[in-house]
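S.K.: Provide a 3D model corresponding to the input given below.
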Amino acid sequence: MTTRGRKASTETFEEKPAIDHEEVQLGTMALTIQAEQQRAVQENAVALAEQLGYEGALTVPGLEEEIRFYQRRSVEAVLETGKRLLLLKEISGHGEFMSSLERLGVGQSLANKLMAATMKFSNSESTTILSLPNINQGKLLELLVLDEGEIEALDQGDTVRGVKLDDIDCMSVSELRRALRTASTEHAAELADKDRVIAQKTNKIEELVEDKNRRERMTDAEKFAEMERLLTEATLVSIGDMQVIRRHIQDIRSEDKTPHGVYMACANALQRVVSEAMGIAADWGIELTLAAELDDDEAFDDPNADEEFDDDPSAQAV
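M.R.: Sure thing, here's the model as predicted:
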């Protein structure tokens, strides 16, 4: 029997690549970490929603849709929009949050204000402000400059930065802005003045402490030399003041006619200077030798005392 020959098979079998178990393990770990991060984000978002009293959907599309709705409302819109922006920011990354703002047509500055308004006013202490008949979005955003203590004070009827609740209700947005900015500027100036006074006092105290420490390190000879130096400086200052007195007396005496009362004012001024110096000497037992020792009558004798003044001013010679 003739056997027909078989053709050799031309099929080839490719080898399957070996499985990289380490790469698979790393990929699994990355997915696990990502899932854990998403779960943590979701838990944080749920906690924030409970804190804000939000009961809507915690999804990016859902929050964006609700934000569009509340953008069309007034004060409530500010707070509700702020809630959803806070939640949207919580569940999305920075880049995704900015993309959402672009899709919503909300600038970052405005978004920050809306979120700040929600955090500041969505509590029981601000109910009085929110219930004002003429409160609106513009006024609410202007009030963001106030801190929590100032908001509480307003709620209790106090005047804060020059305005009360009734003023806020009656003012326009621009009037409220001007009032708060003016008060803020004045308040800042007051704080700057107080800080400057405190800084000056602090510097003075530091100087006194440093001077005290320096004196404690001095030898007796150095202490007495320092005392003599300070006495000399004070004496020079006093002599300088005497030159000022001299100029005033010179101006008075250079007039053609000096009334007797003004002349005696000059004499009394010099008497007080001399008496003060003599008093210091007497207090500390220092003997003074005056260049000219005259009694009171001679020292302050008015050369014009014997002249009689009549009705003619020209007769009042000096």
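
S.K.: separation between Ala234 and Glu228?
M.R.: According to C-beta to C-beta, to the nearest Å, Ala234 stands 11 Å off from Glu228. Bear in mind the C-beta positions are built from the backbone N, C-alpha and C, glycine included.

S.K.: what do you get for Lys257?
M.R.: Relative to Glu228, and taking C-beta to C-beta, Lys257 is found at 47 Å.

S.K.: neighbour-wise, which of the two wins?
M.R.: Using other C-beta atoms under 10 Å as the criterion, Lys257 and Glu228 rank with Lys257 on top: 13 against 10.

S.K.: three-state assignment of that one?
M.R.: Secondary structure, DSSP: H, G, I helix; E, B strand; the rest coil: Lys257 is coil.

S.K.: Look up phi and psi at it.
M.R.: The phi/psi pair for Lys257 (degrees, to the nearest 10) reads phi -130, psi 120.

S.K.: Then Val163?
M.R.: According to degrees, to the nearest 10, Val163 has phi -130, psi 150.

S.K.: burial of it, as a residue count?
M.R.: Using other C-beta under 10 Å, Val163 has 19 neighbouring residues.

S.K.: if I look at it, how far off is Ile151?
M.R.: According to C-beta to C-beta, Val163 and Ile151 sit 12 Å apart.

S.K.: hmm, back to that, for Ala234 and Glu228, list the residues in contact with both.
M.R.: When contacts are counted by C-beta atoms under 8 Å, 6 or more residues apart in numbering, Ala234 and Glu228 have no shared neighbour.

S.K.: for the stretch 101-250 of the chain, which spans come out with low pLDDT?
M.R.: 123-127 (pLDDT under 70).

S.K.: What are the buried residues along stretch 115-134?
M.R.: Residues 115, 117-118, 120-122, 126, 128-129, 132 are the ones in stretch 115-134 that count as buried (16 or more other C-beta atoms under 10 Å).

S.K.: could I get the residues you listed as CSV with distance to Asp167 and secondary structure?
M.R.: CSV is the format used below for these (distance: C-beta to C-beta, whole Å; DSSP: H, G, I helix; E, B strand; the rest coil):
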residue, distance to Asp167, secondary structure
Met115, 27, helix
Ala117, 20, helix
Thr118, 24, helix
Lys120, 19, helix
Phe121, 18, helix
Ser122, 23, coil
Ser126, 17, helix
Thr128, 13, helix
Ile129, 12, helix
Leu132, 10, coil
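
S.K.: Return the member of those residues nearest to His187.
M.R.: Nearest to His187 among the buried residues of stretch 115-134: Lys120, at 18.5 Å, using C-beta to C-beta.

S.K.: The closest one reaches Glu148, doesn't it?
M.R.: Yes. Taking contacts as C-beta atoms under 8 Å, Lys120 lies within contact range of Glu148: 7.1 Å.
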